[in-house]
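Student: Here is a sequence with its predicted model. Questions after.
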Amino acid sequence: HIPAAAAVDQMVRCARTSGASRAAGFVNGVLRHLVRELDSIAPPSLEADPLSHLVHALSLPEWIAARWLRRFGAEGAAALAEACNGRPPTTLRVNCQRGSRGDLVDALRVRFPAVAPCAVASTGLTLGKPLHPGQETSFREGLFSIQDEASQAVIDLLDPKPGEHILDTCAAPGTKANAIAERVGPDGSVVATDRHERRLSLVGRESRRLGLSNLRAHCLDASVELGQLRADHPEAFDRVLVDAPCSGLGTLRRNPDARWRVRPDDPERLAESQRKLLDQALQWVRPGGALVYSVCTFEPEECEDVVAAFLAAHDNVSLAARSALLETLVPWLDETGYLRSFPHRGGGDGFFAARFEVAS
């Protein structure tokens, strides 16, 4: 948690920066008075007024609080909101091209005695305390990357195999694309696309740190321009990942200000572009191949509703059978075979993912 004095100081600075210097003293006085009286101010209780409790005690916009109450009930919504206000665990992804998970555990144990394999992600480690990457020789040598366990589980759902050729359509900044490149190895390849050229440059920088030479990046809008890949990549891919732009409500503990930027109509608006991304990506999956759709949110419009619309539009696509997915994913798979993770259940960020199989 941020110390009260630091929060007050920051708000006073914000007042000055925004051109309201004359109000800075007023802001300082009001906030300091609030700090002195804070212990005597009781927020609404969850039992008496669940909505107000989520809004005032747990810092949720009212529209998000109302949504979560409808979906998860009072206790579930409060547990989720509290987790979204907490500190996320530090999790690593082992670079399997440069060593095993056991090797990295041995290398880190002296500085991180609590280091242990993740419960779900097959190449993940949890450290038990924060890590400063620049201070770790093993990070600079490309032995691992920092990646949330739920984000890693999406790669396990895709399940890349050595020697395969895979497309990641919304790749920047490259965390998942490079994870895939590690899995397919030097005999495989990854094509990473993103419409933001500046962010796309981060993909290659990370590849170089990890010692990977099997990844190529293309700057294009995957919702309308994937056809431009045809000249350089005439063949379809074994697997395609669509890690689509979304409301990001599953990562509020990493991006706490997102709750104030996302608008009530954003989930439905974003779903339209998510459906376009899937439609474009499908043309690049070879017969018998796999397509994975993932978002770091749990809002139905961006999750199961997108999946339902996609399946209804394409009769050559089906959901992968739950029994065909990696056994390590079972704790986060629902009865349909969707991957669902929540910050208050299992520790990972909030993710939704579905794997489709394309008919041969």
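Tutor: Done, it's in. Residues are numbered from 1 along each chain as shown.
Student: can you list contacts of the longest helix out of those in the chain?
Tutor: The longest helix of the chain (DSSP state H) is helix 62-84. Residues outside helix 62-84 that contact it (CB atoms under 8 Å, 6 or more residues apart in numbering): 46-47, 50-51, 53-55, 58-60, 249, 252-253, 256, 259, 262, 264, 299, 342-344. C-betas here are computed from N, CA, C, even on glycine.
Student: What's the ChimeraX line that selects buried ones from those residues?
Tutor: Per 16 or more other CB atoms under 10 Å, the buried members of those correspond to this ChimeraX selection:
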select :46,50,51,53,54,55,58,60,249,252,253,259,262,299,342,343,344
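Student: How many residues are close by the residue lying closest to L58 once chain neighbours are set aside?
Tutor: Closest residue to L58 apart from its sequence neighbours, by CB to CB, 6 or more residues apart in numbering: A81 at 4.0 Å. Neighbours of A81 under the rule other CB atoms under 10 Å: 25.
Student: So for A81, what's the pLDDT?
Tutor: pLDDT for A81: 97.
Student: measure it to G134 for me?
Tutor: From A81 across to G134, the span is 33 Å (CB to CB, to the nearest Å).
Student: Walk me through the domains of the protein.
Tutor: 24-84, 149-358 (automatic domain parsing).
Student: Between the two ends of the shortest one, how far is it?
Tutor: Between the opening and closing residues of domain 24-84 we find a distance of 30 Å, counting by CA to CA, to the nearest Å.
Student: chain center to it, what's the gap?
Tutor: Put simply, domain 24-84 sits 25 Å off its chain's centre (CA atoms, centre = their mean, to the nearest Å).
Student: likewise stretch 77-97?
Tutor: 10 Å.
Student: Could you do stretch 198-209 as well?
Tutor: Distance, centroid of stretch 198-209 to centroid of chain: 18 Å (CA atoms, centre = their mean).
Student: Flag every buried residue along it.
Tutor: L200, S201, L202, V203, G204, E206, S207, R209.
Student: can you count the residues close to Q97?
Tutor: Q97 has 17 neighbours, counted by other CB under 10 Å.
Student: Quick check: closest non-adjacent residue to it.
Tutor: Q97 sits nearest to E182 (CB to CB, 6+ apart), 5.3 Å away.
Student: and that neighbour, how many neighbours?
Tutor: 26.
Student: I figured it hits L210, correct?
Tutor: Yes. If you go by CB atoms under 8 Å, E182 and L210 touch, sitting 6.9 Å apart.
Student: List the residues that are in contact with both of the two.
Tutor: N95, Q97.
Student: mind listing the helices for the stretch 251-360 of the chain?
Tutor: 258-261, 266-282, 304-313 (DSSP state H, counting those that start in this stretch).
Student: Show me which pair in the buried residues of stretch 198-209 is furthest apart.
Tutor: L200 and R209 (15.9 Å; CB to CB).
Student: any chance you could map the strands in the protein?
Tutor: With DSSP state E as the criterion, the chain has strands at 91-94, 116-117, 124-126, 144-146, 165-168, 189-194, 215-219, 237-243, 285-295, 317-319, 339-341, 351-358.
Student: Could you export these as TSV, including distance to L325?
Tutor: Shown next, in TSV, are those (distance: least, CB to CB, whole Å):
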stretch	distance to L325
strand 91-94	19
strand 116-117	19
strand 124-126	17
strand 144-146	23
strand 165-168	17
strand 189-194	21
strand 215-219	25
strand 237-243	13
strand 285-295	10
strand 317-319	10
strand 339-341	8
strand 351-358	7
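Student: Now distance to W332 and mean pLDDT too, for these, in JSON lines please.
Tutor: As requested, the strands of the chain are exported to JSON lines (distance: least, CB to CB, whole Å; pLDDT from 0 to 100):
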{"stretch": "strand 91-94", "distance to W332": "14", "mean pLDDT": "98"}
{"stretch": "strand 116-117", "distance to W332": "16", "mean pLDDT": "96"}
{"stretch": "strand 124-126", "distance to W332": "13", "mean pLDDT": "97"}
{"stretch": "strand 144-146", "distance to W332": "20", "mean pLDDT": "97"}
{"stretch": "strand 165-168", "distance to W332": "21", "mean pLDDT": "97"}
{"stretch": "strand 189-194", "distance to W332": "24", "mean pLDDT": "96"}
{"stretch": "strand 215-219", "distance to W332": "27", "mean pLDDT": "94"}
{"stretch": "strand 237-243", "distance to W332": "16", "mean pLDDT": "97"}
{"stretch": "strand 285-295", "distance to W332": "12", "mean pLDDT": "97"}
{"stretch": "strand 317-319", "distance to W332": "16", "mean pLDDT": "97"}
{"stretch": "strand 339-341", "distance to W332": "5", "mean pLDDT": "97"}
{"stretch": "strand 351-358", "distance to W332": "8", "mean pLDDT": "98"}
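Student: Now render the ones you listed as JSON lines, adding distance to R109 and mean neighbour count.
Tutor: As requested, these are exported to JSON lines (distance: least, CB to CB, whole Å; neighbours: other CB atoms under 10 Å):
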{"stretch": "strand 91-94", "distance to R109": "13", "mean neighbour count": "26"}
{"stretch": "strand 116-117", "distance to R109": "10", "mean neighbour count": "14"}
{"stretch": "strand 124-126", "distance to R109": "11", "mean neighbour count": "23"}
{"stretch": "strand 144-146", "distance to R109": "14", "mean neighbour count": "20"}
{"stretch": "strand 165-168", "distance to R109": "33", "mean neighbour count": "26"}
{"stretch": "strand 189-194", "distance to R109": "31", "mean neighbour count": "25"}
{"stretch": "strand 215-219", "distance to R109": "31", "mean neighbour count": "20"}
{"stretch": "strand 237-243", "distance to R109": "32", "mean neighbour count": "25"}
{"stretch": "strand 285-295", "distance to R109": "32", "mean neighbour count": "21"}
{"stretch": "strand 317-319", "distance to R109": "41", "mean neighbour count": "15"}
{"stretch": "strand 339-341", "distance to R109": "27", "mean neighbour count": "22"}
{"stretch": "strand 351-358", "distance to R109": "29", "mean neighbour count": "24"}
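Student: All set, thanks.
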